[in-house]
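*Asks:* Sharing a model that was predicted from the sequence below.
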Amino acid sequence: MKTLLLTALIIVSTAQAKVLFILTNHSQMGDTGKRTGFYLSELTHPYYILNDKGIEIEIASPLGGPSPIDPTSLDMKDKDNKRFFEDAKLMKSVLTTKKLSDLNPKDYKAVVFSGGHGTVWDFTEDDTIKKFIRDVYENNAVVSAICHGPAALVDVKLSNGKYLVEGKKVAVFSDEEERIVKLEKVVPYLLETKLKKQGAISVAGKPWSSSAVADGRLITGQNPQSAHEVGKLILKQIK
């Protein structure tokens with residue numbers, strides 16, 4: 001009986017939690033002529049971990065409207081990606097994302113910035129994102145980002161004037177991985193280097209291996225392979 005009651009309480013508490021995923025609106029890979037956007041599994045992997053526990057999820061972007069999917073991320077052997085294309089509700093949410101400036105950061109227990117190369121162009125330059133992150137974090141909620149998603153954390157300062165990442169462990173798409181994919185001269189900056197300059201403690205794992213870290217209410221993952229673990233860490237924190 002006690003076990004059943006505890007399970008019921010957990011279900012109720014997670015059902016009351018609301019999580020916001022934020023996706024990029026940027027679709028061009030610099031001046032290469034190639035397409036980019038958000039990396040599909042960096043949405044689907046954590047999304048379904050949370051969704052399947054009854055957590056309410058909303059999808060937003062800096063501009064609102066459709067968010068482009070990086071064509072290189074369309075791996076249909078991935079069961080969560082396949083599920084996405086059979087999930088009319090989630091697909092509609094990606095095509096009609098909410099505009100971030102229309103939302104109240106106090107409404108969410110966690111905000112998750114899915115990665116993809118598009119983010120290093122629009123996330124970093126968006127002042128609404130910076131303020132939203134600060135307000136979410138200072139409201140004792142979770143701030144999370146995956147792969148290039150931590151581009152949203154660049155230049156984010158708390159009310160005390162310190163960088164959010166200062167002295168905190170973070171896992172982001174590493175400089176080594178950027179060089180392996182030969183995009184180090186295409187992206188406007190190297191994400192790992194940029195955050196380290198703002199006081200972040202990089203916990204980079206081997207390229208393409210799962211590496212996720214929770215430093216208090218800041219949860220980050222290094223690459224697509226880390227997205228499942230990020231989802232699990234978010235779930236653990238908001239429960």
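*Replies:* Structure received.
*Asks:* what about this structure, any weak spots by pLDDT?
*Replies:* For the chain, the stretches with pLDDT under 70 are 1-15.
*Asks:* Hmm, Val120 and Gly149 touching each other?
*Replies:* No - between Gly149 and Val120 there is no contact under Cβ atoms under 8 Å: 9.7 Å. From N, CA and C alone the C-beta is placed, and that goes for glycine too.
*Asks:* Lys18: neighbouring residues, count only.
*Replies:* The tally of other residues near Lys18 (other Cβ atoms under 10 Å) stands at 15.
*Asks:* With Pro207 instead?
*Replies:* Pro207 has 17 nearby residues by other Cβ under 10 Å.
*Asks:* From Phe132, how far off is it?
*Replies:* Using Cβ to Cβ, to the nearest Å, Pro207 is found at 31 Å from Phe132.
*Asks:* List the buried residues for stretch 188-196?
*Replies:* Across stretch 188-196, burial judged by 16 or more other Cβ atoms under 10 Å covers Leu190, Leu191, Glu192, Lys194, Leu195, Lys196.
*Asks:* before we move on, what about stretch 143-157?
*Replies:* Buried residues in stretch 143-157 (16+ other Cβ under 10 Å): 143-156.
*Asks:* Distance to Pro71 and secondary structure for the residues you listed - can I get that in TSV?
*Replies:* Shown next, in TSV, are the buried residues of stretch 143-157 (distance: Cβ to Cβ, whole Å; DSSP: H, G, I helix; E, B strand; the rest coil):
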residue	distance to Pro71	secondary structure
Val143	28	strand
Ser144	25	strand
Ala145	22	strand
Ile146	18	strand
Cys147	16	coil
His148	16	coil
Gly149	18	helix
Pro150	22	helix
Ala151	20	helix
Ala152	22	helix
Leu153	26	helix
Val154	25	coil
Asp155	29	coil
Val156	29	coil
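*Asks:* Which of the residues you listed sits closest to Arg83?
*Replies:* Set against Arg83, the nearest of the buried residues of stretch 143-157 by Cβ to Cβ is Ile146 (18.0 Å).
*Asks:* quick one: the residue nearest to Val172 when sequence neighbours are not counted from Asp75, how far?
*Replies:* Computed as Cβ to Cβ, 6 or more residues apart in numbering, the closest residue to Val172 that is not its neighbour in sequence is Pro150, at 4.4 Å. Taking Cβ to Cβ as the measure, Pro150 falls 22 Å from Asp75.
*Asks:* same question, Gly205
*Replies:* From Gly205 to Asp75 the distance is 21 Å (Cβ to Cβ).
*Asks:* Then Pro68?
*Replies:* 17 Å.
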